[in-house]
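> This is a predicted model, with the sequence first.
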Amino acid sequence: MSVSSLPSGPSPLDLPRLDSALPTATADSPDSSDAPSNRSFFVTWILSLTLGFLGADRFYTGRFTTGALKLVTLGGLGLWWIVDLVIVMAGGLRRGRRRLRGYDEWKEVAWIATGFLLIIGYSLQLDELISALVTQLL
């Protein structure tokens with residue numbers, strides 16, 4: 001039997017690669033972690049600061065399960081609320097795998113304003129006022 005009489009078929013080098021059919025994330029694709037999300041960092045930060053104990057920041061970014069848990073537990077009795085606020089300001093809260101739109105422009109404002117509000121709240125002794133209101137309600 002000669003080499004020329006062997007059946008000819010596609011060689012393994014001619015077969016398409018499986019990984020070429022898979023989508024790849026590029027800077028232009030919507031699934032890229034470098035592309036910003038359609039959710040605003042500023043809105044997420046304001047929601048986390050004001051209504052974070054109700055899970056509004058989680059609901060806004062599409063995390064409905066943890067948003068509901070945060071709502072039921074009143075922000076983990078305040079602890080989850082504070083942790084989430086720091087995560088949002090540090091840029092760790094994302095929508096899917098994409099960072100929030102406007103983070104680079106608003107991150108300094110968020111840190112300064114939050115620190116300023118904490119200093120004002122502490123100097124006005126709001127913690128004592130809130131604890132007095134809670135004890136009267138219970």
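Alright, I've got the coordinates.
> Quick check: which element contains the closest residue to Arg95 other than its chain neighbours?
The spatially closest residue to Arg95, leaving aside those adjacent along the chain, is Ser37, at 3.8 Å (Cβ to Cβ, 6 or more residues apart in numbering). Backbone N, C-alpha and C define where each C-beta goes, glycine included. Assigned by DSSP states H and E, Ser37 belongs to neither a helix nor a strand.
> For the helix or strand harbouring Lys107, which residues meet the burial criterion?
In this structure, Lys107 sits in helix 103-123 according to DSSP H and E. Neighbour-count burial for helix 103-123 flags 103, 106-107, 110, 114 (criterion: 16 or more other Cβ atoms under 10 Å).
> out of those, who's nearest Val86?
Thr114 (8.9 Å; Cβ to Cβ).
> what about that closest one, distance to Ile120?
11 Å (Cβ to Cβ, to the nearest Å).
> what's the answer for Leu85, then?
Taking Cβ to Cβ, one finds Leu85 at 16 Å from Ile120.
> Also Ser37?
According to Cβ to Cβ, Ser37 stands 31 Å off from Ile120.
> Also Arg58?
26 Å.
> check contacts around Ile87.
Leu93 (Cβ atoms under 8 Å, 6 or more residues apart in numbering).
> Quick check, pLDDT for it.
Here, the pLDDT recorded for Ile87 equals 91.
> how about the helices of this structure, start to end?
41-51, 56-60, 64-72, 74-77, 79-89, 103-123, 126-137 (DSSP state H).
> show me where pLDDT drops low in the protein?
1-36 (pLDDT under 70).
> OK, contacts around Met89?
45, 107, 110-111, 114.
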